[in-house]
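Chemist: This is a predicted model, with the sequence first.
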Amino acid sequence: MVRVMALDKLGINVTILGSGTCVPSLQRGSCSVLMQIGATHLLFDSGPGTMRRLLEAGTTILDLNYLFYSHFHPDHSAELVPLIFATKYPDASRRQSPLTILGGRGLTDFFAGLKAVYGSWIELAAGLLKILEFDNTTKDSKKFSGFSVETVPVEHNPESVAYRITGDDGSSVVYSGDTDFSENLIELAKDADLLICESAMPDSLRVKGHLTPSMAGDIATRAGVRQLVLTHFYPDCENVDITRECRKTYSGPLLLAEDLMRIEVCK
Ligand SMILES: [Zn+2]
Ligand SMILES: [Zn+2]
């Protein structure tokens with residue numbers, strides 16, 4: 001059940017930083033979602049404008065402990081370089097805790113490519129920057145202090161993964177990243193407290209590699225999630241009744257993401 005967190009409980013505090021796409025918009029930033037579990041800050045994707053939205057949400061880049069990437073399209077990853085570079089101002093010693101970057105297989109090569117261009121501009125002090133890959137050919141998982149992460153490959157790019165975060169209190173949030181219809185996503189989201197699911201285009205304008213509101217609703221219904229948030233809206237969605245399209249296939253609690261929307265999840 002999704003409700004306001006009791007102060008003595010460690011749930012997952014979700015903030016939608018960017019509910020939009022690659023298309024410039026004053027209302028919707030590019031894709032990014034912040035999850036806080038206690039004092040630990042997890043960022044999912046960092047499209048252009050993410051650092052500004054972080055500030056608006058009351059968080060700074062120095063608060064971030066983990067950066068998760070669903071895939072490498074620029075509207076999901078482009079602010080990685082500015083984020084690391086900004087960490088060095090006025091000097092890199094401001095960051096004391098490690099920053100771990102996680103993504104599907106290919107992340108190490110992706111970062112090496114960025115390093116070939118930006119060199120030491122995107123290096124941090126020794127031992128502070130870590131890169132971890134998930135297998136994007138099958139299910140994978142990792143355990144961290146305070147939460148665990150499960151991933152599955154989804155239908156978008158070769159490196160694409162969706163994430164399920166489970167807090168130590170059992171709270172669970174699934175982030176789809178970009179995907180077409182995905183049985184893997186249904187399995188990953190089984191009985192999750194919250195599914196943050198892309199819904200890029202209206203039903204009438206479906207494009208390969210993305211979901212529509214009724215497809216996202218179908219996935220949420222089949223997974224039995226307790227609440228669904230639709231996000232990643234291209235401008236084509238703005239003049240369409242997205243809720244009505246999603247209601248063709250899903251009858252549970254539903255939110256349409258807006259930038260800086262907060263959702264608190266706990267058991
Ligand atoms: Zn994409
Ligand atoms: Zn996208």
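Modeler: Everything's here; your move. Ligands and ions are numbered 1, 2, ... in the order given.
Chemist: what about the residue of the stretch 151-267 of the chain found nearest ligand 1, distance to ligand 2?
Modeler: Closest to ligand 1 within the stretch 151-267 of the chain is residue 178: 3.7 Å, counting by C-beta to the ion. Quick note: C-beta positions are derived from backbone N, CA and C, even for glycine. As judged by C-beta to the ion, to the nearest Å, residue 178 and ligand 2 stand 4 Å apart.
Chemist: Can you classify that residue by secondary structure?
Modeler: At residue 178 the chain is in coil, as set by DSSP: H, G, I helix; E, B strand; the rest coil.
Chemist: Look up how far residue 210 lies from it.
Modeler: From residue 178 across to residue 210, the span is 6 Å (C-beta to C-beta, to the nearest Å).
Chemist: got any residues that touch both of the two?
Modeler: 156, 198, 200, 232 (C-beta atoms under 8 Å, 6 or more residues apart in numbering).
Chemist: The first one reaches residue 184, doesn't it?
Modeler: When you say that, I think you mean residue 156. No - in this structure, residue 156 is not within contact of residue 184 by C-beta atoms under 8 Å, at 11.5 Å.
Chemist: How many neighbouring residues does the residue of the stretch 151-267 of the chain closest to ligand 1 have?
Modeler: Residue 178: 24 surrounding residues under other C-beta atoms under 10 Å.
Chemist: my guess is residue 152 contacts residue 189, does it?
Modeler: No - the criterion here is C-beta under 8 Å, and residue 152 misses it with residue 189 at 9.5 Å.
Chemist: thinking again about what came up before, could I get the contacting residues of the residue of the stretch 151-267 of the chain closest to ligand 1?
Modeler: Residues near residue 178 by C-beta under 8 Å, 6+ apart: 70-71, 73, 76, 154, 156-157, 160, 198, 200, 209-210, 232.
Chemist: ok so, going back, just to be sure, which of the shared contacts of residue 178 and residue 210 are found in strands?
Modeler: residue 198 (DSSP state E).
Chemist: So which of the shared contacts of residue 178 and residue 210 reach ligand 1?
Modeler: For ligand 1, no contacts are drawn from the shared contacts of residue 178 and residue 210 by C-beta under 5 Å from the ion.
Chemist: how about TSV for the shared contacts of residue 178 and residue 210, with pLDDT added?
Modeler: TSV is the format used below for these (pLDDT from 0 to 100):
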residue	pLDDT
156	97
198	98
200	97
232	98
